[in-house]
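*Asks:* Got a predicted structure here, sequence first:
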Amino acid sequence: KQEVTQIPAALSVPEGENLVLNCSFTDSAIYNLQWFRQDPGKGLTSLLLIQSSQREQTSGRLNASLDKSSGRSTLYIAASQPGDSATYLCAVRPPGANSKLTFGKGITLSVRP
Amino acid sequence: GAVVSQHPSRVICKSGTSVKIECRSLDFQATTMFWYRQFPKQSLMLMATSNEGSKATYEQGVEKDKFLINHASLTLSTLTVTSAHPEDSSFYICSAREPGGQPQHFGDGTRLSIL
């Protein structure tokens, strides 16, 4: 059974810092991995999706990497801003047309002005 | 980008009421839709997966007679919480996905409060 772990559960950093959020998964047989952002009381916003054949994806100040063989992904946030404060979740999807995402519990990020 | 619209965003109602939540994919055809429940400070718990035109597949422990799911078209799925009770109070989130390896997109969630 796939397990996704995100440690630490919470992180507080000063504005401007570059930071890395980690995600690990136990079963490397994935189809893709997706990083989401969730603001309090809201749904999930998809940030980046990495297919199993890819190593990384970039969008603006965000860069996500994938090392499938070691079961790890990282989300790099450059020059963090208070507006980046949110919970970041990673989720992996196994192969299969109706396959389901397995989520980590998320990392709650607070960026201090 | 792809958008999933979920309504209503908040519902407050009396115990015993049935509540319907709608989930629409606005600019893509969602062959598969998912319904999640999220408890405070917890991750998402998948309740059921639905494919257009077929019966939903429920996760273990989820009462299908309690949580009725209809996926009548490629852009609309509904979740009806029947005879809701206070323990059904939660944050419900829908999600939709296109065929292939496309990202899964989520609605803004519905906060359900049963008095």
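*Replies:* Done, it's in. Numbers count the residues shown, from 1 in each chain, chains lettered A, B, ... in the order given.

*Asks:* When you work out contacts or count neighbours from here on, use the C-alpha atoms and nothing else.
*Replies:* Will do.

*Asks:* you'd agree A:G104 is up against A:I7?
*Replies:* No. Judged on C-alpha atoms under 8 Å, A:G104 makes no contact with A:I7 at a distance of 9.3 Å.

*Asks:* which neighbours do the two share?
*Replies:* A:C23 (C-alpha atoms under 8 Å, 6 or more residues apart in numbering or on different chains).

*Asks:* Run through the residues that contact the residue in chain B that chain A sits nearest to.
*Replies:* Nearest to chain A in chain B, going by C-alpha to the nearest C-alpha, is B:D108, at a distance of 3.9 Å. Applying C-alpha under 8 Å, 6+ apart to B:D108 gives the contacts A:K42, A:G43, A:L44, B:V4, B:S5, B:Q6, B:S9, B:I93.

*Asks:* and if you look at B:A30?
*Replies:* B:L74, B:T75, B:A96, B:R97, B:E98, B:P99.

*Asks:* Verify the stated contact: the first one with B:Q29.
*Replies:* Yes. The pair B:L74 and B:Q29 qualifies as a contact (C-alpha under 8 Å) at a distance of 5.2 Å.

*Asks:* Can you check the pLDDT for the closest residue to A:P40 other than its chain neighbours?
*Replies:* Leaving aside its chain neighbours, A:P40 sits nearest to A:A86 (7.3 Å; criterion: C-alpha to C-alpha, 6 or more residues apart in numbering or on different chains). With respect to pLDDT, A:A86 scores 97.

*Asks:* list the contacts for the residue in chain A that chain B sits nearest to?
*Replies:* Closest contact between chain A and chain B, by C-alpha to the nearest C-alpha, is at A:G43 (3.9 Å). Residues near A:G43 by C-alpha under 8 Å, 6+ apart: B:I93, B:F106, B:G107, B:D108, B:G109.

*Asks:* so who does the second one touch?
*Replies:* Applying C-alpha under 8 Å, 6+ apart, we find B:F106 in contact with A:G43, A:L44, A:T45, A:S46, B:V3, B:V4, B:I93, B:C94, B:S95, B:A96.
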